[in-house]
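>>> Build me a model from this:
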Amino acid sequence: MMKYTIAALFIGAMSLLVTLPAMADVPENGIVFEGQSVPGVALGFTRADVEAAYGEPTRCQSVGTAGDAASCTWILEDYIGQGGEVQSQVNMRYRSPDGGSANNDPNDVVTTISWYGLDGWVTTTGINTLYAVNNQNAVIDLYPNGIIFHQSLFDTHLTAYEEGFSASWHTAYLSGFTSVRMSIFESRDPPPPRELSVNVSEINMDIYKRQVIGEVRVLNDLNWRTRGADVSATWTMHDGTTRAVQGTTDSFGLVVFVVNKARKGTYTLTIDNVVVEDHFFDKDNSVLSASIVKKR
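Residues are numbered from 1 along each chain as shown. Predicted coordinates for the structure are as follows:
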């Protein structure tokens, strides 16, 4: 009797092992097909498809409206990628099936997939995030039709629209450490070339004791603060005389012009020109002058 009982338990346990589905998880290795898929998930998958493949996300965030869960991230706690330097993770961006905003619905579909680390994810061109860290130019050369954008001294972006692939390099200011993010999306025609320009977004005037201060902010056509812009301006003094001044914007896009030992009266700061290499000065969309009255 005892033998039959043990045998029955053994058979029951084996049947459980056979019928239990494999646990969903993010694959640590596989091929990335630009504009199509990453290991285990493809663009166009529904939210339900993704969670069946990867399990529940570590976190989701709203993007368009509260509770839309349009951006979801899976963090691989035990996988430190990029040669042991970066926490591996993958992110999905969703939209609704009709092309609108996501609704935190099982039928929301994947539009973009991004990842950090995950050294085992290799593109069809043979690269991964670890290789890309120290081989930026080589990666860019693999996508000759890609568009390169240098957001700052510390951030470079490659977007290959026709292939449906992008890579971004960010270097931390203090440590000098570089991390790489890669993404895939549905391939499409590239946008028309940017018309590179800069503008003066604001002139803030102030008075401090016997100083009149004019603070000028310069932005580019993407509304990003512009460092290294040479700004030429003219002060019109309290007595109607003028004084030419020049300065260069800092990392915040700011340059400050000061009149010392100012007497009472009206002071006006007028922008004459802003010079940045390969950019034109968009006067039509700039604040070109500002005034302030010193009462004593």
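>>> pLDDT weak spots in this protein?
Within the chain, the ranges that satisfy pLDDT under 70 run 1-23.
>>> Could you rerun that using 90?
Across the chain, the ranges flagged by pLDDT under 90 are 1-24, 64-65, 78, 81-85, 149-154, 172-176, 191-194, 222, 296.
>>> Quick one: the helices in this protein, in order.
2-19, 47-54, 129-133, 136-142 (DSSP state H).
>>> Excluding residues flanking it in the chain, which one is nearest Asn104?
Among residues not flanking Asn104 along the chain, Ala69 sits closest, at 4.0 Å (CB to CB, 6 or more residues apart in numbering). C-beta coordinates here come from the backbone N, C-alpha and C atoms, glycine included.
>>> how many other residues sit next to the closest residue to Phe280 other than its chain neighbours?
Leaving aside its sequence neighbours, Phe280 sits nearest to Ser197 (CB to CB, 6+ apart; 5.2 Å). If you count neighbours by other CB atoms under 10 Å, Ser197 ends up with 20.
>>> since we're on Gly214, how many residues are nearby?
Using other CB under 10 Å, Gly214 has 25 neighbouring residues.
>>> hang on, Thr73 packs against Arg59?
Yes. The pair Thr73 / Arg59 is scored as a contact, 5.5 Å apart, by CB atoms under 8 Å.
>>> So for those two, which residue has more residues nearby?
Remark: of Thr73 and Arg59, Thr73 carries more neighbours, 16 against 13, as counted by other CB under 10 Å.
>>> For that one, which non-adjacent residue is closest in space?
Spatial nearest neighbour of Thr73, chain neighbours left out: Asn91 (4.7 Å); criterion: CB to CB, 6+ apart.
>>> can you check Tyr79 too?
Leaving aside its sequence neighbours, Tyr79 sits nearest to Ser88 (CB to CB, 6+ apart; 4.1 Å).
>>> With adjacent residues omitted, what lies nearest to Pro93?
No, residue 93 isn't Pro; it's Arg. That would be Thr112: by CB to CB, 6+ apart, it lies 4.1 Å from Arg93.
>>> Next, work out how far apart Ile140 and Ser168 are.
As judged by CB to CB, to the nearest Å, Ile140 and Ser168 stand 12 Å apart.
>>> list the contacts for the residue nearest to Thr73?
Neighbouring residues of Asn91 by CB atoms under 8 Å, 6 or more residues apart in numbering: Ser71, Cys72, Thr73, Trp74, Ile113, Ser114, Trp115.
>>> Dump these to CSV, plus distance to Asp105.
Formatted as CSV, the contacts of Asn91 follow (distance: CB to CB, whole Å):
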residue, distance to Asp105
Ser71, 15
Cys72, 13
Thr73, 18
Trp74, 19
Ile113, 19
Ser114, 21
Trp115, 24
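>>> What about those, which are in strands?
When DSSP state E is applied, the contacts of Asn91 are split such that Ser71, Cys72, Thr73, Trp74, Ile113, Ser114, Trp115 fall in strands.
>>> Neighbours of the first one, how many?
What it means is Ser71. 18.
>>> now it, which residues is it bridged with?
Gln61, Arg93 (DSSP bridges).
>>> thinking it is in contact with Val90, fair?
No. The criterion here is CB under 8 Å, and Ser71 misses it with Val90 at 11.6 Å.
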